[in-house]
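>>> next input, structure requested:
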Amino acid sequence: MKISISFKNVKHSSGVDKRLSEKTNRLSKYLEGNLSVKWHCSYKEGVHFSEVYVTGPKFSFHASSRHENLYKSFDATLEKIERQVHRQKSKIKERRPSHSYAVHADPEQAWAEHDGEDHWDIAS
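A predicted model of the protein is given here:
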């Protein structure tokens, strides 16, 4: 996972980097593959803005939020991304076929259903 963080009018510190890395690593349990995560943090007129772009081989997600507290804006942004990921994963699960068919462990029981029926008799 590649994480890049950019700041505009926000003091850069190792604590912010550590917090964003921890938050971003939470996404790895939902998404696999080669991830690229880009955070943009800014401050304007008493409000902190955070924006994140998550891209991978077959997906891309984007979320942004604003709050008076920088760390709460991170949390809100990450919650939005997690909701998007859950929604996308549930859509994928709904599209997949269920492959539900009867499986008989005993071969005698499996063929007992077909005894007496000649499905291949075309002449009659």
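>>> residue nearest the centroid of the protein?
Central residue of the chain (C-alpha atoms, centre = their mean): Val85, 3.2 Å from the mean position.
>>> what helix or strand is that one located in?
Assessed by DSSP states H and E, Val85 sits inside helix 70-95.
>>> report the contact partners of Gly46.
If you count contacts by C-beta atoms under 8 Å, 6 or more residues apart in numbering, Gly46 has them with Glu68. Where C-beta positions appear, they are placed from N, C-alpha and C, glycine not excepted.
>>> looking at it now. What's its pLDDT?
What the model reports for Gly46 is a pLDDT of 90.
>>> what does the one 10 residues further on give?
pLDDT recorded at Gly56 is 84.
>>> any figure for the gap between it and His62?
Shown here: Gly56 relative to His62, a distance of 13 Å by C-beta to C-beta, to the nearest Å.
>>> before we move on, the earlier item: distance of the residue nearest to the centre of the chain from Ile92?
Noted for Val85: a distance of 11 Å to Ile92, by C-beta to C-beta.
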